[in-house]
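Student: Have a look at this prediction, sequence included:
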Amino acid sequence: MKFELNDWKSQLTDEEIIADIQETARKFNKDYISISTYKTHGKYSQTAIRAHFGTWKNALAIAGLRNERKPSELKLIPDEEYFGDLRRVAKLINSNTVPYEAYREHGKYSAEYIFSRFGKWNDFLAMAGLEPTGFCKDKITEQDCFDEIERMWRLLGRQPTSTDVIKGNISRYSIDTFKRRFGGWRKALEAFVAYINAEDNGYEPKTSKVVESPSCQCVQGNDSLEIVSVSKHRTSRNINTRLRFKVLSRDNFKCCFCGASPAKNPSVELHVDHIIPWSKGGETVIDNLQTLCSKCNLGKSDLILN
């Protein structure tokens, strides 16, 4: 079973962005507007502008506007205001540092101007009492990111978007964590799909040996302890991320018993369950796994239902 991402195409054109920049400039009757002014009064995000034009200066030039400030337009803003805004962004992204790209996305002031004013970005971070970029107390691995994408997908019952990560308060990691690791949210999803499709067999055996269940039954004989019943398995009881996601995807992120889905009801929590319970000899293979909501899974317990 091969899994694929939903198609995604930007419907936004260069002309629409340029028209909105020009309209924003007309509102203020100016031939120059700052990126912070546009963020407040414009329609589109900095991410969209960078994707289409590279920089704010390029966008202004294409819009037929002046793309440099006049000396008289430069306001003397105290350093502490810049530091305070940097700390605000750090709190917003739940991090002890703020990458340059993150501040361009969420900051109040022009990141380019800050860079020219304070020099190195890490020096600016240090002045604000933050850690330099690249510093991380708990190193987040690629597998950690894949596990988190799978968890969000399961919670939402659909493909998570960058907006879910940024504004949905469901991700344990910031959007910048995925950007640093993969180069962007879409690339993170593409890497996740490649990981899911890496092995298309039904299961991944824990070892090449038979795994014995810890719940074996023993009988004390006259001279020795005799094992009379041992449940043997070819697979681990644990359902790994790849296999769990394949089962959820196959079942359309819906409970196989009642049809409940977090896509329709956010309170629904999905689990992947052994059809034939592990305790009764069931294997951790895709044909012996099903998606159940928490209520149905609790009601089923270790029963074998037809």
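Tutor: All right, it came through fine. Quick caveat: nothing in here was measured; it's all calculated off a predicted structure.
Student: Leu125 reaches Phe115, doesn't it?
Tutor: No: assessed by C-beta atoms under 8 Å, Leu125 is found out of contact with Phe115, at 11.7 Å. In short, each C-beta sits where N, CA and C put it, glycine included.
Student: Please identify which of the two sits among more neighbours.
Tutor: A count of neighbours by other C-beta atoms under 10 Å puts Leu125 above the other of Leu125 and Phe115, at 25 against 15.
Student: Secondary structure class of the more buried one, three-state.
Tutor: Taking DSSP: H, G, I helix; E, B strand; the rest coil as the rule, one finds Leu125 in the helix state.
Student: show me the contacts for it.
Tutor: Leu86, Thr97, Val98, Glu131, Pro132, Thr133 (C-beta atoms under 8 Å, 6 or more residues apart in numbering).
Student: Out of the residues you listed, which end up buried?
Tutor: Buried subset of the contacts of Leu125 (neighbour count, 16 or more other C-beta atoms under 10 Å): Leu86, Thr97, Val98, Glu131, Thr133.
Student: List the buried residues in stretch 272-289.
Tutor: Val272, Asp273, His274, Ile275, Trp278, Gly282, Glu283, Thr284, Val285, Ile286, Asn288, Leu289.
Student: average pLDDT across the helix or strand hosting the first one?
Tutor: It stands for Val272. Element membership of Val272 [criterion: DSSP states H and E] is strand 270-274. Per-region confidence: strand 270-274 scores 92 on mean pLDDT.
Student: Contacts for stretch 86-97 next, please.
Tutor: Stretch 86-97 is contacted by residues 98, 102-103, 106-108, 124-125, 128-135, 137, 174-176 when judged by C-beta under 8 Å, 6+ apart.
Student: where do the helices sit along the stretch 151-300 of the chain?
Tutor: 162-167, 175-182, 185-196, 241-250, 294-300 (DSSP state H, counting those that start in this stretch).
Student: Confirm Phe83 sits in a strand?
Tutor: No: Phe83 is assigned helix when assessed by three-state DSSP, not a strand.
Student: Count the neighbours of it for me.
Tutor: Neighbours of Phe83 (other C-beta under 10 Å): 17.
Student: Now do the same contact list for it.
Tutor: Counting by C-beta under 8 Å, 6+ apart, Phe83 has contacts Met127, Ala128, Gly129.
Student: Would you quantify the distance from it to Ile114?
Tutor: Using C-beta to C-beta, to the nearest Å, Phe83 is found at 10 Å from Ile114.
Student: Could you do Lys108 as well?
Tutor: 10 Å.
Student: Neighbour count for these two, which is higher?
Tutor: Remark: of Lys108 and Ile114, Ile114 carries more neighbours, 20 against 16, as counted by other C-beta under 10 Å.
Student: how about low-confidence regions in the protein?
Tutor: Judged by pLDDT under 70, the chain has its weakly predicted residues at 1-3, 6-11, 71-76, 112, 134-138, 199-231, 300-306.
Student: Would you mind confirming that Cys255 makes contact with Thr291?
Tutor: Yes: using C-beta under 8 Å, Cys255 makes contact with Thr291 at a distance of 6.2 Å.
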